[in-house]
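Asker: Sequence isn't available, so here's the structure alone:
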Ligand code: NAD
Ligand code: UGA
């Protein structure tokens, strides 16, 4: 929304666009395209999400999204509907932003993409371009083209690289735009929709574009597994991982991004996309052992955090109360899909621990337990608390599993007497060890003393 961006926006033409799926990708995509001046219809079939949007509420937690959506709606450039078939009427471009979850064998489950393609097929305007923004394996553009089965429709791959929590900024100012198609004119037309971003553009074939997306996520996951493994080495040799990362980050070839050790990487994409790439490679006859190692190393990281908690409790979690701070897979999102925090909490519960959890995006009841029917399925078995103090109350250890900023600013002198044993395991290296130790806590981070 900078002046520079606005000047560019004025130059780009306005096009009728449909976006299918109002999730973590579809909603920012629709709002961004409407902000760029395109006329966008966003289709969402899930009633709760659609009702929220129609009443001006955001169905997901995402910084700045409410303003961007309100701007699009206010300008008359963004509206919502319940059906993909309805949304595509009159659209020159149709973005598929539907889920591609992990299938049973690790491959991407394309059933939502296929169903959406079937649903829109006969309703598309002649000459419309279908844009695949969902993360899909090589060959999917061709698959969508075949499902639609119309010679007048082109399918273009345009992978999305936004991160949850910074989706708006990432969409307005992407690092790059990747467009892949066998029809270069169709690719150029899709690229033009994003011209106001001024981002570097890579136009390639669909197979390469689809591969770029998996390569990016697999590289990021491998980088994180390396960092977490190095943190384990730091603990053994007495080095401080933060300074090691500073020393690495100043090397321009390495850079500072994605160098924070943590409880393991998770979320709705890195875990499923690394497994999908492993599957793609294996089907193609290549044993991608490096990537398999990165995935295995992430499993070990979860186990390492659990072992730290066990050690803090004298070697057994049986009957021990553990306070869990943070359940989302990272801060500034409400997304708990494949969250390391949730997985670690379940593992601790499996070892006999009583888990008292707090997360700013999860409703907890002050003073007493959340009624069973109000506990989300993935959190069953945990006691959900209304604030971090309640989650720590009577606990033998508190584990920081998500880097929510508010955990930094608590009254730790108030926390101390609430705990059975004042032990903090900071799996995000969020807190100042010296400050909490001064107050009387025992502190253990990741890769540092
Ligand atoms: P999501 O589950 O949050 O959203 C998908 C939405 O699509 C849901 O609300 C669902 O109800 C809706 N939907 C499904 N089929 C529909 C249909 N036929 N008509 C109308 N609505 C339909 O998923 P997401 O996180 O936005 O991910 C979507 C895709 O983008 C996935 O392939 C994912 O891998 C990829 N991706 C996600 C992210 C991310 O940060 N979440 C980033 C880049 C790429
Ligand atoms: C990731 C990619 O970063 C996006 O580029 C991509 O578009 C997206 O997946 C996708 O395909 O869905 P996202 O899942 O939102 O984005 O989250 P990340 O910021 O990548 O974090 C992933 C995991 O790594 C989280 O559990 C996070 O806590 C962890 N992480 C990240 C660290 O432990 N340390 C870091 O330094 C960075």
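Answerer: Everything's here; your move. Since the structure is predicted, the reported quantities are computational estimates derived from the model, not experimental observations. Ligands and ions are numbered 1, 2, ... in the order given.

Asker: Can you classify the residue nearest to residue 292 when sequence neighbours are not counted by secondary structure?
Answerer: Nearest in space to residue 292, with sequence neighbours left out and distances taken as C-beta to C-beta, 6 or more residues apart in numbering, is residue 278 at 6.0 Å. Where C-beta positions appear, they are placed from N, C-alpha and C, glycine not excepted. Assigned by DSSP: H, G, I helix; E, B strand; the rest coil, the conformation of residue 278 is helix.

Asker: Then residue 131?
Answerer: Applying three-state DSSP: residue 131 is strand.

Asker: what's across from it in the sheet?
Answerer: Note on residue 131: beta-bridge partners by DSSP bridges are residue 95, residue 156.

Asker: Next one: it relative to residue 186, how far apart?
Answerer: Distance, residue 131 to residue 186, by C-beta to C-beta, to the nearest Å: 9 Å.

Asker: ok, these two, which is more surrounded?
Answerer: Applying other C-beta atoms under 10 Å to residue 131 and residue 186 shows that residue 131 carries more neighbours, namely 30 against 20.

Asker: does the more buried one really touch residue 92, like I thought?
Answerer: No - in this structure, residue 131 is not within contact of residue 92 by C-beta atoms under 8 Å, at 10.6 Å.

Asker: Please list all residues in contact with the residue of the stretch 151-300 of the chain found nearest ligand 1.
Answerer: Closest approach of the stretch 151-300 of the chain to ligand 1 (C-beta to the nearest ligand atom) occurs at residue 160, with a separation of 4.0 Å. Shown in contact with residue 160 (C-beta atoms under 8 Å, 6 or more residues apart in numbering): 25, 29, 97, 133, 135, 213.

Asker: Would you map the strands across this structure?
Answerer: 16-20, 39-43, 78-81, 93-96, 129-132, 154-157, 177-180, 201-204, 321-325, 354-358, 383-384, 397-400, 423-426, 442-444 (DSSP state E).

Asker: now these as TSV including distance to ligand 2?
Answerer: Formatted as TSV, those follow (distance: least, C-beta to the nearest ligand atom, whole Å):
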stretch	distance to ligand 2
strand 16-20	16
strand 39-43	19
strand 78-81	22
strand 93-96	15
strand 129-132	14
strand 154-157	14
strand 177-180	11
strand 201-204	15
strand 321-325	14
strand 354-358	17
strand 383-384	21
strand 397-400	12
strand 423-426	13
strand 442-444	17
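
Asker: Would you mind listing what in this structure touches ligand 2?
Answerer: 135, 160-164, 217, 220, 224, 258-260, 262, 265-270, 273, 329-330, 340 (C-beta under 6 Å from any ligand atom).

Asker: just the buried members of these?
Answerer: When the residues of the chain next to ligand 2 are checked for burial by 16 or more other C-beta atoms under 10 Å, the buried set is 135, 160-162, 164, 217, 220, 224, 258-260, 262, 265-270, 273, 329-330, 340.
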